Structures are given as structure tokens and as C-alpha cells.
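Engineer: Sharing a model that was predicted from the sequence below.
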Amino acid sequence: MSDTTDPGRKGQDYEQDLDKSDVSVAEFKYLHNSPLDRIQHALHGNPTLVPVIVLVAAIGVFGLIAGDRFFSAFNLSLILQQVSIIGILAAAQSLIIITAGIDLSVAAIMVLMAVVAGNLAVYAGVPAPIALLVAFAGGTGCGIMNGLLVTKVKLPPFITTLGTWSIFYALNLWLSGAQSIRSQDIDAEAPLLKFWGIALEVGGARVTLGSLLMVAVFLVLWYMLNKTAWGRHVYAIGDDKEAAELAGIRTDRTLLSVYGLAGLVCAVAAWASIGRVGSISPQAFYEGNLQSITAVVIGGISLFGGRGSILGALFGALIVGVFQSGLRLAGVDVLWQVFAIGWLIILAVAIDQWIRKVSA
């Protein structure tokens, strides 16, 4: 039997089907290109936007609440001073978290190296520059110890650094005898240890060299992570370690270098902390580990690794400083300041989870 269907009719049906298909595709694109989706895609490509927006909003809100007291040059420079040490620790923490790890020993390394430098320079008569070099080497060694346990012994970073935190803290108490080194003794024997505490008076602001050091540390690490092959390898390991190995990246060697560099940054923070506090206490910065993680998380660096800019940790530290300063000027009790920071952390993690679900 011959086919009596009109060929022209077939063509018309085909064209109609194409038109329906085009409409369906357009509808699909429309549904997945809503304003919320566009925001999600933008934040996925620029995770540092979140802490920047939060920082600007926080400054605006607390500026309205506290007025000129908040926007005074002295108060703004004070915020920068207060976050300088935690900011440097957050830079070290960021390096580890970008690799999908975590370091619970950063503050312990910092305090231990401050004690080492102080004992050598103040009590043992070692020249301050040499004492500082020993502290830098010691901080790097502590970081490499963490790295070896993670890469060679294959221990989880959380458990590894939880254990080394106790080890470093115990060594700190043993070396110091649980005694602080007084500011007067440092001034008399090794004033170089307090170098980063020198303040510059600029238009009512009091900017310490330690604040400038924090910014410099972040800029150097940003360059290393974004402009070098080493930095690309670090992000690749955090995104998918197995895929990085298949791509020819020597993952264990890179991870070891990351932990060593983080330890060195902690030693730099130790030197800055002496200038910030003026003395050396074996029990100082006890909450530094959690505070550094807080800055990193609020700064938009993913706890799952492989995503986020280290500059976000700087903004995260500043956000915490702005919140604490603004709430204090508003007369809010310290208890509720901690309460607010806790919600900030939860919100930051929730936003990170949402951004990671961005559709391709």
C-alpha cells in the first residue's frame, strides 16, 4: 500500500515540533536563570563577594547605631590592631583548609615559638635576630611534623593536629615553666621582639606595624596561590586529590610544603604577637585555633577544600572585628557578642553549602 501522507504536512508537523522544542528550552533556561540563580552563579565564581558584602553591610549598620564613635579613625585602626594576630593565624589556617584539611594547632605553634624566641633572646643571651630565626625554623618544623603525619602516616588532619596541639601546648608550658616573660625584660634584653608593636600616628589613627604585616602576609600568600603553579596544585588537591594525582601532581610533596609554610606563618604571627601584647605568656591566645577557623569560614573559604580566596580570610577576620567593636559600642554584653559570632559562622557555612550546589 502506498503512503498517502502529504510530505508537506510532515514538514509542517516537524517545524511545529521544533517550535515547541525551542519554547521548552527557553522555558528551561528561564527557570534556571532566575535572579536567585544568577546570584548563586556569581557567588560561585567569586566566593570573596560574600564576606565583602557582609563587611560593608556590617560597617554601615554599626555606623548607623554607634555613629561617629564607630567611624572615628582611632576606632577603625583599633579594629585593625585587634584582628592582626588572628588574621595572620587565619592566613596559615586558610592554606590548610584549601587543601580540604584543618589545623587545630596553629595557635599552639604560635605561642610555642614566641616562648622559644623569648627564652633564647631574654634569658639565654642569644641575639634577637638569631632567636627569631630559630623560632621561624621551629615553626616550619612543627608544620612539617603535621604534614608528615598526614601524608606519610595517613592520619586525618583533624586528629593529627588535635594531637599535636596537645604536644605543642605541653612543650610550651615546659619551656616557659608556666611563667610569662615581662615587657620590661624584653625591652631591656631584646627590644627587636616588640618591633611589630611600633605604632604610626596618622590623622588620629594609630596603625601598628603588625597590622601592616598582616596585610603583607595575605598579599604574599595570595600571589603564591593565584600566580604560581604551586598554588594551582594546592587548589587541585583540595578539589580532588585523586584527580590531582592522576594529573601528575606530587600531592604528598605539595601537602608537606603547605603544612611547612603554615608553620612558618604561625612563627611570623608569634613575632607579631609579642609586639601586640608586649609580653610573652604561655597561655595567651588560647582560643586562637577556633578564632582562625571562624575567620576562614566567614571569609568564604570552603571547609570542603578547593574553593575560596585567601583574601576572604582577611575579610572574615575584619568582619569579626567589626561585629565585636560595633556591638561593644552599642552596649551589648560580651556574652551576646559571642552569640552573634556563632550565628555568623552557621550562616557562612549554610551559604557555602548553597553556593556549592550551583547548577552547571
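Structural biologist: Looks like it arrived, so ask away.
Engineer: secondary structure class for V207?
Structural biologist: Here V207 takes the strand state, with states given by DSSP: H, G, I helix; E, B strand; the rest coil.
Engineer: Name the residues linked to it by a beta bridge.
Structural biologist: Under DSSP bridges, the beta-bridge partners of V207 are L200.
Engineer: if I pick it, what's in contact with it?
Structural biologist: Counting by CB atoms under 8 Å, 6 or more residues apart in numbering, V207 touches S77, L80, Q81, A199, L200. C-beta coordinates here come from the backbone N, C-alpha and C atoms, glycine included.
Engineer: Then G204?
Structural biologist: The neighbours of G204, taking CB under 8 Å, 6+ apart as the test, are S72, A73, F74.
Engineer: if you look at these, which of them are in helices?
Structural biologist: Members of the contacts of G204 lying in helices (criterion: DSSP state H): A73, F74.
Engineer: how far does stretch 184-199 sit from the chain's center?
Structural biologist: Mean C-alpha position of stretch 184-199 versus that of the full chain (CA atoms, centre = their mean, to the nearest Å) differs by 28 Å.
Engineer: Now that stretch: average pLDDT?
Structural biologist: The average pLDDT within stretch 184-199 is 95.
Engineer: Wasn't G101 part of a strand?
Structural biologist: No: assessed by three-state DSSP, G101 does not belong to a strand; its assignment is coil.
Engineer: Counting neighbours, what do you get for it?
Structural biologist: Close neighbours of G101, defined as other CB atoms under 10 Å, add up to 25.
Engineer: Quick check: phi and psi at it.
Structural biologist: Recorded main-chain torsions at G101 are phi -110, psi -170, according to degrees, to the nearest 10.
Engineer: so it sits right up against L155, yeah?
Structural biologist: No: G101 is not in contact with L155 according to CB atoms under 8 Å; the separation is 10.8 Å.
Engineer: need the contacts of G204 in CSV with neighbour count and distance to L290, can you?
Structural biologist: Conversion of these to CSV gives the following (neighbours: other CB atoms under 10 Å; distance: CB to CB, whole Å):
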residue, neighbour count, distance to L290
S72, 15, 30
A73, 14, 30
F74, 12, 28
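Engineer: Could you take the contacts of G204 and lay them out as JSON lines, with extra columns for pLDDT and distance to G275?
Structural biologist: Written out in JSON lines, the entries for the contacts of G204 read as follows (pLDDT from 0 to 100; distance: CB to CB, whole Å):
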{"residue": "S72", "pLDDT": "90", "distance to G275": "23"}
{"residue": "A73", "pLDDT": "90", "distance to G275": "21"}
{"residue": "F74", "pLDDT": "91", "distance to G275": "19"}
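Engineer: pLDDT weak spots in the chain?
Structural biologist: With pLDDT under 70 as the threshold, the chain has low-confidence stretches at 1-33, 40, 42-45, 356, 358-360.
Engineer: Try it again at 80.
Structural biologist: Residues of the chain meeting the criterion pLDDT under 80: 1-48, 348-349, 351-360.
Engineer: where exactly do the strands run in it?
Structural biologist: In order along the chain, the chain carries the following strands (DSSP state E): 199-202, 205-208.
Engineer: Pick the most buried one from these.
Structural biologist: Neighbour counts averaged per stretch over those are highest for strand 205-208, at a mean of 18; criterion: mean count of other CB atoms under 10 Å.
Engineer: CA atoms of that strand as CSV?
Structural biologist: Output of strand 205-208 as CSV, limited to C-alpha atoms (Å, rounded to 0.1, in the frame of the first residue of the first chain):
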residue,chain,number,x,y,z
ALA,A,205,44.5,56.7,63.6
ARG,A,206,47.0,54.5,65.4
VAL,A,207,48.3,51.9,62.9
THR,A,208,50.8,49.4,64.2
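Engineer: Was I right to think I341 contacts V322?
Structural biologist: No: using CB under 8 Å, I341 makes no contact with V322, being 11.1 Å away.
Engineer: Neighbour count: these two, which is higher?
Structural biologist: With neighbours defined as other CB under 10 Å, I341 and V322 compare such that V322 has more, 23 against 17.
Engineer: The more buried one reaches L55, doesn't it?
Structural biologist: Yes: with contact defined as CB under 8 Å, V322 reaches L55; the gap is 6.6 Å.
Engineer: want to throw the strands of the chain into CSV with distance to V116?
Structural biologist: Output for the strands of the chain, formatted as CSV (distance: least, CB to CB, whole Å):
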stretch, distance to V116
strand 199-202, 26
strand 205-208, 23
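Engineer: Please identify which of the contacts of G204 is nearest to Y123.
Structural biologist: Ranked by distance to Y123 (CB to CB), the contacts of G204 are led by F74 at 36.3 Å.
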